[in-house]
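1. need a structure here:
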Amino acid sequence: MRGYSKLSSNNIYHEMIIDYSRNPLNFGEIEGCDVTHHDSNPLCGDSLDMDLKFEDGRVSDVKFRGKGCAICIACSSVLTEIVKGKSVEDVRSIQKGDILSELGLEHLQAVRIKCALLSLKILKFALYKHLAKTHTDGSAESLKEEASGLY
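-> Okay, here's the model as predicted:
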């Protein structure tokens, strides 16, 4: 991820959000992806799609596209960087606090939490779709419930 060492902690997070929203990482589409999921936050106008590609039980590539507020795009950018190369189990264990703390958003107002967590919700549902296709034993159901209850 990018370096912001010379700013105070509040300013660092503010600058990171602005930077990631203007210059998002992993923005785009994956041709031949294994799974795609779409969701939106009508309260803010955020609308995103996320593509994932898996190889040997790991996320080999992840991209997102769409439109959203600065918090939504920044969190999506950071989340895609976090999951790239991770095992399915590691991705499955990512929690909302993991994303919020990366950008100093632990005390985010309730009205903005949907903006910050939209990409995580999409990721969890996309992972659920992937696991439902590859694991027919029903082990993916808890992931669907977790994604539904994020906010």
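
2. any low-confidence regions in this protein?
-> 1-10, 136-140, 151 (pLDDT under 70).

3. Now find how far off-centre the helix ranked longest in the chain is within its chain.
-> Using DSSP state H to assign secondary structure, the helix with the most residues in the chain is helix 110-134. Offset of helix 110-134 from its chain centre (Cα atoms, centre = their mean, to the nearest Å): 7 Å.

4. Would you mind identifying the next helix or strand past that helix?
-> Once the chain leaves helix 110-134, the next helix or strand it forms, by DSSP states H and E, is helix 141-148.

5. And the helices in this protein?
-> Under DSSP H, the chain gives helices at 9-22, 70-83, 88-92, 96-102, 110-134, 141-148.

6. among those, which is the most enclosed?
-> helix 70-83 (a mean of 24; mean count of other Cβ atoms under 10 Å). Placement of C-beta: from N, CA and C, glycine included.

7. relative to helix 9-22, how tilted is that one?
-> Angle, helix 70-83 to helix 9-22, by axes from the mean of the first three to the mean of the last three Cα atoms, to 10 degrees: 90 degrees.

8. Renumber starting at 19 from here on
-> Got it, the first residue is 19 from now on, which makes the last one we talked about helix 88-101.

9. Packing partners of helix 88-101?
-> Counting contacts by 3 or more Cβ pairs under 8 Å, 6 or more residues apart in numbering; DSSP states H and E, helix 88-101 is packed against helix 27-40, strand 64-73, strand 76-85, helix 114-120, helix 128-152.

10. Can you spell out which helices and strands pack onto the second one?
-> When contacts are defined as 3+ Cβ pairs under 8 Å, 6+ apart, strand 64-73 packs onto strand 53-59, strand 76-85, helix 88-101, helix 128-152.
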